[in-house]
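> based on what follows, work out the 3D shape:
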Amino acid sequence: MKFCSNCGAEVKEGQAICLSCGFALKESAVKVDPASNKDYSDRVEHDVFKLWPAFSDGPIGRMEYFKKFLILTAVGMGVAFLGALILGGANSGNPAMMIMSTLFLIVALAVMVILIAHEIALLYKRFWDMGITDAGGRIGMIVVYVIISAIPLLNLATLAMFFIPGKGKQS
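Modelled structure (predicted):
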């Protein structure tokens with residue numbers, strides 16, 4: 001049995017990339033012995049479409065973070081696009097459109113709060129996988145990260161999390 005040296009997932013003979021994390025496999029990059037200081041058995045999948053995220057179910061890997069981040073971004077952009085369409089129609093002076101736009105704004109705010117909570121949960125789990133074992137340290141890193149990503153030019157820092165390899169469970 002062979003395992004990916006980046007995420008620890010089982011790989012088949014002749015595979016060029018790890019199907020779990022996207023890591024380019026070379027013969028030297030694949031471990032034959034799974035007994036190492038990295039244990040990725042605690043990694044989890046994050047369910048973006050769950051109403052509220054679970055923060056303590058385990059860390060997530062790079063590809064999981066990247067995929068879920070793209071889903072959250074797409075849903076957020078979809079809500080913003082729908083909001084722009086509805087608010088554009090609300091300017092017509094039609095009372096029904098005014099009521100509909102008010103209801104949509106309430107729902108959109110609730111959706112945005114849930115999306116932000118999911119993004120914070122993703123960051124929390126990604127920092128966990130990167131080897132920050134203290135929950136307080138992870139929370140502190142999230143606060144710093146959110147402040148930095150609020151600056152428009154540094155907002156791309158959110159995608160930079162994809163390029164930092166995980167540490168796995170440290171023993």
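
> now the spatially most central residue of the chain: closest residue in space, sequence neighbours ignored.
Nearest to the mean C-alpha position of the chain, by Cα atoms, centre = their mean, lies residue 65 at 3.5 Å. Among residues not flanking residue 65 along the chain, residue 126 sits closest, at 4.7 Å (Cβ to Cβ, 6 or more residues apart in numbering). (Glycine included, C-beta is placed from N, CA and C.)

> now do residue 104
residue 86 (4.9 Å).

> contact partners for that neighbour?
Shown in contact with residue 86 (Cβ atoms under 8 Å, 6 or more residues apart in numbering): 97, 100, 101, 104.

> which other helices and strands does the strand or helix carrying the first one contact?
With the criterion set as DSSP states H and E, the secondary-structure element containing residue 97 is helix 95-129. Packed against helix 95-129 by the contact rule (3 or more Cβ pairs under 8 Å, 6 or more residues apart in numbering; DSSP states H and E) you find helix 62-90, helix 135-150.

> relative to the whole chain's centre, how far out is the first one?
Taking Cα atoms, centre = their mean, to the nearest Å, the mean C-alpha location of helix 62-90 is offset from the chain mean by 14 Å.
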